[in-house]
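# No letters, just coordinates:
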């Protein structure tokens, strides 16, 4: 079997696994009841949709029924590309939760494949690329949000396609056609949702950073033409003049910015529901360990081989810059950077077993230990209430049982001259493997980290 055939088989397997993970029970999981913080909406076969999903369904079906003047108009700045795919899916499969969510499931499965292709280009390792794709598939925030009718799923698909085209451009003698392709994908990303402007920002940053901006002005004009087409359509279909259009935009932005309690960094650190509700246990917050491990992996690779992560950091930076000016912030906006969080993980996992002891101790103290403690509190008190009454000794005993062995394995590695290098590799490998297995079990099998999805109230 030649290398090309093997690569196609890997791609097929990854897509199949990703698509199955996004398609299985798509119509009824996740399920949102009407109460806060789930904020579900819909009835009949649409029951269980999150409120934004339900409104996207209404926008999409009305848009399909009358594209030039839809009865229910979405936000004045909201592009229509993914709304049209939702409308088409409803026409084919009927008005039900499965049909509404299907385009997102398809887009996200393709996004996983693009993460694999990007990692192969960047790291020259199929194994690392498979690990990154697998991490994106099982990363719980991505698993949940990729199954929902959020327009960011379309925006990030075209973001990844645009980025991959730029990587091909750099590897194939600077052929300008790949920049044109990248520009088209960047424009399509914006036409899925307005925060797809992250892709456009990254596109400009990338060309300027690689000193290819001037030589690709024609491609830049292509993307600007695609993006500018939407405001023209809006002016015609909504019967608004340019000044009225701008006034409507500013009013909607102002409504979103007033009274905003959380900034984007809250959602990047804490376990958060689509409604923006940060999940609490009494006075304690659940950390989002899938994100935090991805940050750790990104920082580790950056410290060792910064040239391999520059693009990823640039993409995340573009996202943060854009959302500093966003009128309202949703936890699901992070869909746009989920793949970029996963990209460095696979390559990092092939290198982390060689990390120096201080780095391993940092991992143990700030990732492994907090995750274990979180789980122990849940396992002792199934309600998730960390009021340590008579159970505090049980919690302490369980915590010590799970924390002490890794520490005993890791501590001797401090004595560099007396501890074999192979043993250090084994010690760090065990701790990382136990953490990831534990994170997976606590996310999907035992409802430790995400009980609000696995065990919602009825």
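Yes, it's here. Because the structure is a prediction, the values reported are computed rather than measured. Numbering: from 1, shown residues only.
# Tell me the pLDDT of residue 307.
In this prediction, residue 307 carries a pLDDT score of 92.
# Tell me how far it lies from residue 62.
48 Å (CB to CB, to the nearest Å). C-beta: built from backbone N, CA, C; applies to glycine.
# and stretch 353-366, which residues are buried?
Judged by neighbour count using 16 or more other CB atoms under 10 Å, the buried positions of stretch 353-366 are 353, 355, 357, 359, 360, 361, 363, 364.
# can those residues go into JSON lines with extra columns for distance to residue 11?
Below are the buried residues of stretch 353-366 laid out as JSON lines (distance: CB to CB, whole Å):
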{"residue": "353", "distance to residue 11": "27"}
{"residue": "355", "distance to residue 11": "31"}
{"residue": "357", "distance to residue 11": "38"}
{"residue": "359", "distance to residue 11": "33"}
{"residue": "360", "distance to residue 11": "34"}
{"residue": "361", "distance to residue 11": "39"}
{"residue": "363", "distance to residue 11": "32"}
{"residue": "364", "distance to residue 11": "36"}
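# Residue 307 and residue 62 - which one has more neighbours?
Neighbour tally, residue 307 and residue 62, criterion other CB atoms under 10 Å: the higher count belongs to residue 62, 18 against 8.
# just to revisit the earlier point, lowest-confidence member of the buried residues of stretch 353-366, which is it?
The lowest pLDDT within these belongs to residue 357, with 75.
# who touches residue 131 in this structure?
By CB atoms under 8 Å, 6 or more residues apart in numbering, the contact list for residue 131 reads 345, 346, 347, 349, 350.
# Check which helices and strands the helix or strand hosting the third one sits against.
Of the helices and strands defined by DSSP states H and E, residue 347 is found in helix 338-349. Helices and strands in packing contact with helix 338-349 are listed as helix 97-123, helix 126-138, helix 140-145, helix 152-171, helix 289-304, helix 310-323; criterion 3 or more CB pairs under 8 Å, 6 or more residues apart in numbering; DSSP states H and E.
# and if we set it to 6 Å?
Packing contacts for helix 338-349, counted by 3 or more CB pairs under 6 Å, 6 or more residues apart in numbering; DSSP states H and E, involve helix 97-123, helix 126-138, helix 289-304, helix 310-323.
# hang on, the earlier thing: just the buried residues of the contacts of residue 131.
When neighbours are counted using 16+ other CB under 10 Å, the contacts of residue 131 contain these buried positions: 345, 346, 347, 349.
# list the contacts for the third one?
Shown here is residue 347, whose contacts under the criterion CB atoms under 6 Å, 6 or more residues apart in numbering are 123, 128, 301.
# could the residues you listed go into CSV alongside distance to residue 341 and neighbour count?
Converted to CSV, the contacts of residue 347 look like this (distance: CB to CB, whole Å; neighbours: other CB atoms under 10 Å):
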residue, distance to residue 341, neighbour count
123, 16, 20
128, 15, 23
301, 12, 22
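# What separation do you get for the closest residue to residue 336 other than its chain neighbours and residue 436?
Take residue 336 and drop its neighbours on the chain: the residue closest to it by CB to CB, 6 or more residues apart in numbering is residue 156, 4.9 Å away. For residue 156, the distance to residue 436 (CB to CB) stands at 24 Å.
# Which one of the two is surrounded by more residues?
Set side by side, residue 156 and residue 436 show more neighbours around residue 156, with 31 against 17, by other CB under 10 Å.
# Any idea how many residues pack against residue 265?
Look at residue 265: counted by other CB under 10 Å, it has 11 neighbours.
# quick one, domains of the protein?
For the chain, automatic domain parsing gives the domain ranges 3-259, 284-454.
# Dump those domains to CSV, plus distance to residue 278.
Output for those, formatted as CSV (distance: least, CB to CB, whole Å):
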stretch, distance to residue 278
domain 3-259, 9
domain 284-454, 6
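# Compare those domains and report which one is nearest to residue 268.
domain 284-454 (6.1 Å; CB to CB).
# where does the stretch 51-200 of the chain have low pLDDT?
For the stretch 51-200 of the chain, the stretches with pLDDT under 70 are 67-77, 172-174.
# Nearest spatial neighbour of the residue nearest the centre of the chain, chain-adjacent residues omitted?
Taking CA atoms, centre = their mean as the criterion, residue 338 is the residue nearest the geometric centre of the chain, at 2.3 Å. Leaving aside its sequence neighbours, residue 338 sits nearest to residue 142 (CB to CB, 6+ apart; 4.4 Å).
# Test my guess that the one you found contacts residue 337.
No: Residue 142 is not in contact with residue 337 according to CB atoms under 6 Å; the separation is 10.2 Å.
# Which one's more surrounded, the two?
More neighbours surround residue 142 than the other of residue 142 and residue 337, with 26 against 22 (other CB under 10 Å).
# ok, now which ones touch residue 275?
Per CB under 6 Å, 6+ apart, neighbours of residue 275: 37, 39.
# can you start the count at 23 instead of 1 from here on
With the count now opening at 23, the last piece we talked about shows up as residue 297.
# Which secondary structure state is assigned to it?
Here residue 297 is coil, with the state taken from DSSP: H, G, I helix; E, B strand; the rest coil.
# measure it to residue 354 for me?
10 Å.
# ok so, going back, let's see which of the buried residues of stretch 375-388 end up in helices.
Counting by DSSP state H, the buried residues of stretch 375-388 place 379, 381, 382, 383, 385 in helices.
# Now do the helix holding residue 369 against helix 119-145, angle only.
Put simply, helix 360-371 runs at 40 degrees to helix 119-145, going by axes from the mean of the first three to the mean of the last three CA atoms, to 10 degrees.
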